[in-house]
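In: What shape does this take:
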Amino acid sequence: MKLKLTGDKETEKALLALGKKVAKKTVKKSVRVGSKNTLAVGRALAKSRVGGNMGKMLARFMAVRPYKKQRSGSFAERVFIRAADVFIGYAQGASSSLATRKTSGTRYYIPNAIEFGHVKQNGGFVPAISFMRAAEEQTNVISKRLIENDLKKRIHEEAKKGGID
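Out: Numbering: from 1, shown residues only. Sure thing, here's the model as predicted:
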């Protein structure tokens with residue numbers, strides 16, 4: 001999701017007047033607000049679409065983290081499922097010993113198999129239950145609006161603190 005803030009001249013002028021450090025902090029907090037919205041919808045969809053204990057585990061292990069590598073002046077966060085041993089599966093007949101896991105290639109990551117679908121060992125295909133993709137699609141417009149509104153509010157609050165208004 002890309003967002004370009006275009007707004008009234010006063011908001012833009014206030015953001016520039018805040019200084020780089022305060023502006024950076026303000027934008028990061030606003031981006032987090034939009035990500036939290038996607039996280040909440042993703043958790044709800046995991047519980048409802050996947051269901052059962054697996055849906056609850058997927059929802060429990062979802063998190064929001066900033067991207068590690070970003071260009072200067074850009075801020076991004078991602079909603080993802082934290083890696084955990086409970087999500088590692090093994091093909092039938094495979095040993096779960098450490099030596100076998102590293103060499104046999106029989107491991108698979110359960111959240112990916114759910115999100116994208118997978119082929120069964122004995123043939124056939126299990127269709128995808130796309131809860132993460134659906135969460136992003138459902139919240140795209142709303143998250144952008146939340147970020148814009150929160151950013152404007154934070155800019156004006158910071159401007160008032162600094163006496164810029």
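
In: tell me the strands in the protein, going along the chain?
Out: For the chain, the strands defined by DSSP state E cover 62-66, 77-81, 88-90, 107-109, 118-119, 125-126.

In: residue contacts, the nearest residue to A135 once chain neighbours are set aside?
Out: The spatial neighbour of A135 that comes closest, neighbours along the chain excluded (Cβ to Cβ, 6 or more residues apart in numbering), is G42 at 3.7 Å. All C-beta spots, glycine's among them, are computed from the backbone N, C-alpha and C. Contacts of G42 were listed using Cβ atoms under 8 Å, 6 or more residues apart in numbering, and they are 59, 62, 79, 131-132, 135-136.

In: Make a PyMOL selection of whichever of the residues you listed turn out to be buried.
Out: In PyMOL syntax, the buried subset of these is picked out as below (16 or more other Cβ atoms under 10 Å):
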select buried, resi 59+62+79+131+132+135
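
In: For the longest helix seen in the chain, which residues meet the burial criterion?
Out: Among all segments of the chain classified by DSSP state H, the helix with the greatest residue count is helix 131-161. By neighbour count on 16+ other Cβ under 10 Å, the buried set for helix 131-161 is 131-132, 134-135, 138-139, 143-144, 146-148, 150-152, 154-156, 158-159.

In: Now do the contacts for the residue positioned nearest the centre of the chain.
Out: Note on the chain: the residue nearest the mean C-alpha position is V79, at 1.2 Å, using Cα atoms, centre = their mean. Residues in contact with V79, defined by Cβ under 8 Å, 6+ apart, are 35, 38-39, 42, 62-64, 132, 135-136.

In: Who is it paired with across the strands?
Out: The residues paired with V79 through beta bridges, assigned by DSSP bridges, are V64.

In: Isn't I110 up against I88?
Out: Yes. The criterion here is Cβ atoms under 8 Å, and I110 meets it with I88 at 7.3 Å.

In: more neighbours, those two?
Out: Taking I110 and I88 together and counting by other Cβ atoms under 10 Å, I110 has the greater number of neighbours (17 against 13).

In: Just the C-alphas of stretch 62-82, formatted as CSV.
Out: Taking C-alpha atoms only, stretch 62-82 is exported to CSV below (Å, rounded to 0.1, in the frame of the first residue of the first chain):
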residue,chain,number,x,y,z
MET,A,62,0.2,-12.2,14.0
ALA,A,63,2.2,-9.1,14.6
VAL,A,64,3.2,-5.7,13.2
ARG,A,65,6.8,-4.8,12.6
PRO,A,66,8.6,-2.1,10.7
TYR,A,67,10.4,-3.0,7.5
LYS,A,68,14.1,-3.3,8.3
LYS,A,69,15.5,-1.8,5.0
GLN,A,70,13.8,1.4,3.9
ARG,A,71,14.8,4.5,2.0
SER,A,72,15.4,7.6,3.8
GLY,A,73,12.2,9.4,4.5
SER,A,74,9.9,6.4,3.8
PHE,A,75,8.2,4.4,6.6
ALA,A,76,6.6,1.0,6.1
GLU,A,77,5.3,-1.7,8.4
ARG,A,78,4.2,-5.2,7.7
VAL,A,79,1.6,-7.5,9.2
PHE,A,80,3.0,-11.0,9.4
ILE,A,81,2.8,-14.3,11.3
ARG,A,82,5.7,-14.8,13.7
